[in-house]
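Trainee: here is a sequence together with a model predicted from it:
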Amino acid sequence: MVFPQLLTVLDTLKDQAKDAVWALTSCMCQQSAKVKINGRTFNIIKVLGEGGFSFVYLAQDDISGRQFALKKIRCPTGSDAVKEAMREVEAYRRFKHPNIIRILDSAVVQDPEGEGKIVYLFLPLYKVRLFFGIRPRKGNNSPQRGNLQDAINTHVVNRTHFAEQEMIRLFKGTCEAVRAMHDYHVKAGTNLPSNSSRPKPSSSRSRHEDDRRHSEDDDEMFPHPEGDGEDGYSYGSAVNVPLVTKHRMEDEGDVVFDGDEEIEHIQSGANGNAGRNEHVPYAHRDLKPGNVMIADDGVTPILMDFGSTIRARINIENRSQALLQQDIAAEQSTMAYRAPELFDVKTGVALDDKVDIWSLGCTLFALAYSHSPFENTQTTEQGGSIAMAVLNAQYKHPNSAYSQGLKDLIDSMLKVNPKDRPDIHQVISMTDRVLQTLM
Ligand SMILES: Nc1ncnc2c1ncn2[C@@H]1O[C@H](COP(=O)(O)OP(=O)(O)OP(=O)(O)O)[C@@H](O)[C@H]1O
């Protein structure tokens, strides 16, 4: 059955190409493309970024002039892509923290150019000041902007590097965002769906390809466009656009989109534990410099991109569950930052939030030395795979002026056995200690 899969790949590529051409032509012709959502018109000023399954645009409300980052996720017909996108929306809503990006609004519309749907996420805009992809040299008073990967790239081009204190502060803010996820609590007595109902993707298929195999029956899961009280944006009541379906999302924690087959309405206090909070850790699962924005103040890191976020604790009881988790990780977590236990998922173990600690170790290493510890290693340069380097924790610190405390902190997170890694609280304490030695 090569042909249906091939057609699906071609369809996905065609969709991506359409977005790219649209973005390019609107840029070159100096005229702004427009998108109409819920009766409101938004001018698309430019492309801010492109991910595996989405484009992020700078969009401006025609009437108020207010600007947003508008993330557009194309969801082909007959797929689970909408559910996946809604899971991302739900994750954005779930975590409220100064170092975590908040979602202002979301909408699901019929794709005017195809049979599928489009999920739009309205996010606060973080300004990126780039000159052909390169931020200006330090010393010209322009604050750090873009994401941490942009900052790393700028350092590479300018042959500079982060000052240790600055780097540690950015890292600590990122860790505090991660702590909010690992420490997530829900009201007692809630019925939490399991992660295990997720359909089995194949590592040889893209998310969209795989999605096509599932029936489209989840329109009622779409969210109601919502404003947020604290200077968030609201569509108001005008609804004269192809907003295909909408669904009121309850307050935080009430509706969960974790299982593909289930939406569970959580009943607080149902088992008599009302008043106590239950610890339900979430893992980001794709921590890397490219997923941490630097806020407009130039110093506050903001964690974003919750497309891979999942409840952290997953018991692996049999081989098929192990392969499923391996496939999900292969599809959704960036290889050079992915924990070893996700490359080779073992039966009879539990995956947990320590996968993020490994990625934090890789992230801090990348801030210090411009690349993940498992890129540009002797193993990979000699043709060995990143996976082999990761599974053996094969890396070494390049020569640098960074403190031994910083190097020890990185090493503590890059332990092959997750149990040997510190938890996020310990990482933050260790980070504080390194910071103190620098002041
Ligand atoms: N709020 C924002 N303000 C400014 N730029 C943003 C914003 N959100 C995203 N971007 C830009 O768009 C890029 C892609 O965003 P994001 O990581 O959310 O997309 P994605 O499709 O999930 O990506 P990936 O495939 O890497 O996981 C970011 O790296 C960033 O450069």
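Mentor: In hand now; what should we look at? Quantities reported herein were computed from a predicted structural model and do not represent experimental measurements. Numbers count the residues shown, from 1 in each chain.

Trainee: from the stretch 51-200 of the chain, which residue is nearest to the ligand?
Mentor: Gly51 (1.6 Å; Cβ to the nearest ligand atom). No exception for glycine: its C-beta is placed from N, CA and C like everyone else's.

Trainee: thought that residue was touching Ser308?
Mentor: No: counting by Cβ atoms under 8 Å, Gly51 does not reach Ser308; the two are 11.1 Å apart.

Trainee: thinking again about what came up before, tell me who's in contact with the residue of the stretch 51-200 of the chain closest to the ligand.
Mentor: Gly51 sits next to 305, 307 when contact means Cβ atoms under 8 Å, 6 or more residues apart in numbering.

Trainee: check what pLDDT it gets.
Mentor: Gly51 carries a pLDDT value of 77.

Trainee: mind giving me the domain split of the protein?
Mentor: 30-125, 141-187+279-438 (the TED database).

Trainee: check these for me: which has the lowest mean pLDDT.
Mentor: Among the domains of the chain, domain 30-125 scores lowest, at a mean of 89.

Trainee: close to the ligand, is stretch 298-318?
Mentor: Yes: using Cβ under 6 Å from any ligand atom, we find that stretch 298-318 touches the ligand at 304-305, 307.

Trainee: and the residues you listed as JSON lines, adding distance to Val355, neighbour count and secondary structure?
Mentor: Below are the residues of stretch 298-318 next to the ligand laid out as JSON lines (distance: Cβ to Cβ, whole Å; neighbours: other Cβ atoms under 10 Å; DSSP: H, G, I helix; E, B strand; the rest coil):
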{"residue": "Met304", "distance to Val355": "18", "neighbour count": "23", "secondary structure": "coil"}
{"residue": "Asp305", "distance to Val355": "16", "neighbour count": "24", "secondary structure": "coil"}
{"residue": "Gly307", "distance to Val355": "15", "neighbour count": "23", "secondary structure": "coil"}
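
Trainee: which of those lies closest to Ser79?
Mentor: For these, the closest approach to Ser79 (Cβ to Cβ) belongs to Gly307, at 15.0 Å.

Trainee: so what's that closest one up against?
Mentor: By Cβ under 8 Å, 6+ apart, the neighbours of Gly307 are 51, 53, 84, 88, 286, 332.

Trainee: check contacts around the residue nearest to Lys407 when sequence neighbours are not counted.
Mentor: Using Cβ to Cβ, 6 or more residues apart in numbering and skipping residues adjacent in sequence, the residue nearest Lys407 is His397, 5.4 Å away. Contact analysis of His397 by Cβ under 8 Å, 6+ apart lists 365, 368-369, 407, 410.

Trainee: for the residues you listed, which one is nearest the ligand?
Mentor: The closest of those, once distances to the ligand are taken by Cβ to the nearest ligand atom, is Phe365, at 18.9 Å.

Trainee: ok, the one helix or strand the closest one maps to near the ligand or not?
Mentor: Counting by DSSP states H and E, the element that carries Phe365 is helix 354-369. No: judged by Cβ under 6 Å from any ligand atom, helix 354-369 makes no contact with the ligand; its nearest approach is 12.9 Å.

Trainee: can you name every helix or strand that that helix contacts?
Mentor: Where contact means 3 or more Cβ pairs under 8 Å, 6 or more residues apart in numbering; DSSP states H and E, helix 354-369 is packed against helix 148-158, helix 164-182, helix 340-343, helix 404-413, helix 424-438.

Trainee: and the ones you listed as JSON lines, adding mean neighbour count?
Mentor: Listed next are the helices and strands packed on helix 354-369 as JSON lines, based on neighbours: other Cβ atoms under 10 Å:
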{"stretch": "helix 148-158", "mean neighbour count": "18"}
{"stretch": "helix 164-182", "mean neighbour count": "21"}
{"stretch": "helix 340-343", "mean neighbour count": "21"}
{"stretch": "helix 404-413", "mean neighbour count": "18"}
{"stretch": "helix 424-438", "mean neighbour count": "16"}
